[in-house]
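Participant: Sequence first, then the predicted structure:
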Amino acid sequence: MVNRLTTLYELQHIDDQLDELEELRGDLPLTVNDLNSRMSEIQNQIDNKETEKKEALEKQKENEEEIERLEKSLKKFKSQLYQVRNNKEYDALTKEIDHSEEKIEKMQSENVELENIVEKSKIDINELKPKLEELKEDLKNKEAELKKIIKANEKEEEKLKVEREKAVKNVKKSDYNTYMRIRKAKSGTAVATIVRGACSGCHNVVPPQRQIEIRASKRLYICESCGRLLVAADIADQVTS
């Protein structure tokens, strides 16, 4: 049982050191992720505006080509008015003329609206691009800062990860599952010791009789206040010395 408790505390000791290295990075990893997300969001907005502008320009071109075709037909219809032989032909021509003029007017109005869309898209894109460049520069600096921190602790972190892998192999699977569950719930600290009669994790007093039982190291004990695993101080000293 002593070996079982010792391997659990060894694992906690290694994880504590890894957590310290992680803390050196501060909120930089989150900041980098946030910047990437914001950049992606702005880039999507720019892409959507570019697509909107492109589609508006294409529709404008289609309308202009159709207006040109209709104006040619309109000119033809109007010249034919002087050649009609009866009211029926005249009515048919004037109907075609009216229909063509309505379509031309409608497409011209649509083109005005499309031009507004194009201009608005251009303005929006011009406003978004500097924001994107600013985020890119910020991201570049934050990534460089994070890389520097990681580089400075790279060897130490790699060494601790190897040690952790070895330690995990010596921990019973059921103990490891319990350890990880408590570690997740208790901000990384799953195994605590007795310091001046209290749990080092939550600082609540451990009853004297329970302290004697913990020092005996005959089984796993859980702090009744915080739920962390408790080990004797001499086991902790043996691991950290």
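Facilitator: Yes, it's here.

Participant: can you list the domains in this protein?
Facilitator: When the chain is parsed with automatic domain parsing, its domains come out as 24-153, 173-240.

Participant: can you tell me which of those comes nearest to Gln12?
Facilitator: The closest of the domains of the chain to Gln12 is domain 173-240. By CB to CB, the value is 4.0 Å. (C-beta placed from N, C-alpha, C; glycine too.)

Participant: Any idea how far that closest one is from the middle of the chain?
Facilitator: Put simply, domain 173-240 sits 37 Å off its chain's centre (CA atoms, centre = their mean, to the nearest Å).

Participant: The strand of greatest length in the chain - contacts with which helices or strands?
Facilitator: Secondary structure assigned by DSSP state E gives strand 191-195 as the longest strand of the chain. If you count contacts as 3 or more CB pairs under 8 Å, 6 or more residues apart in numbering; DSSP states H and E, strand 191-195 packs onto helix 2-24, helix 208-216, strand 229-231, helix 233-240.

Participant: Just the angle for the second one relative to strand 191-195, thanks.
Facilitator: What that stands for is helix 208-216. Inter-element angle recorded for helix 208-216 and strand 191-195: 120 degrees (by axes from the mean of the first three to the mean of the last three CA atoms, to 10 degrees).

Participant: Might you report the residue contacts of Ala232?
Facilitator: Residues counted as contacts of Ala232 (CB atoms under 8 Å, 6 or more residues apart in numbering) are Leu5, Thr193, Ile194, Ile214, Arg215, Ala216, Ser217.

Participant: Please repeat the previous calculation with a cut-off of 6 Å.
Facilitator: Ala232 is in contact with Ile214, Arg215, Ser217, counting by CB atoms under 6 Å, 6 or more residues apart in numbering.

Participant: and if you look at Leu11?
Facilitator: Leu11 makes contacts with Ala167, Val171, as judged by CB under 6 Å, 6+ apart.

Participant: so what pLDDT did it get?
Facilitator: Model confidence at Leu11, expressed as pLDDT, equals 96.

Participant: I'd like to know how far it sits from Arg25.
Facilitator: Using CB to CB, to the nearest Å, one gets 22 Å for the distance from Leu11 to Arg25.

Participant: so which of the domains of the chain is the most packed in?
Facilitator: domain 173-240 (a mean of 16; mean count of other CB atoms under 10 Å).

Participant: measure that one end to end?
Facilitator: Taking CA to CA, to the nearest Å, domain 173-240 runs 23 Å from one end to the other.

Participant: tell me what the one helix or strand Asn126 maps to is packed against?
Facilitator: Following DSSP states H and E, one finds Asn126 within helix 87-170. Where contact means 3 or more CB pairs under 6 Å, 6 or more residues apart in numbering; DSSP states H and E, helix 87-170 is packed against helix 2-24, helix 28-80.

Participant: Ranked by average pLDDT, which of those helices falls at the bottom?
Facilitator: Of all the helices and strands packed on helix 87-170, the minimum mean pLDDT falls on helix 2-24 (a mean of 92).

Participant: centre of the chain versus that helix, how much separation?
Facilitator: 30 Å.

Participant: buried set for that helix?
Facilitator: Going by neighbour count (16 or more other CB atoms under 10 Å), the buried part of helix 2-24 is 5-15, 17-18, 21.

Participant: would CSV of the domains of the chain with distance to Arg164 be doable?
Facilitator: Listed next are the domains of the chain as CSV, based on distance: least, CB to CB, whole Å:
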stretch, distance to Arg164
domain 24-153, 15
domain 173-240, 11
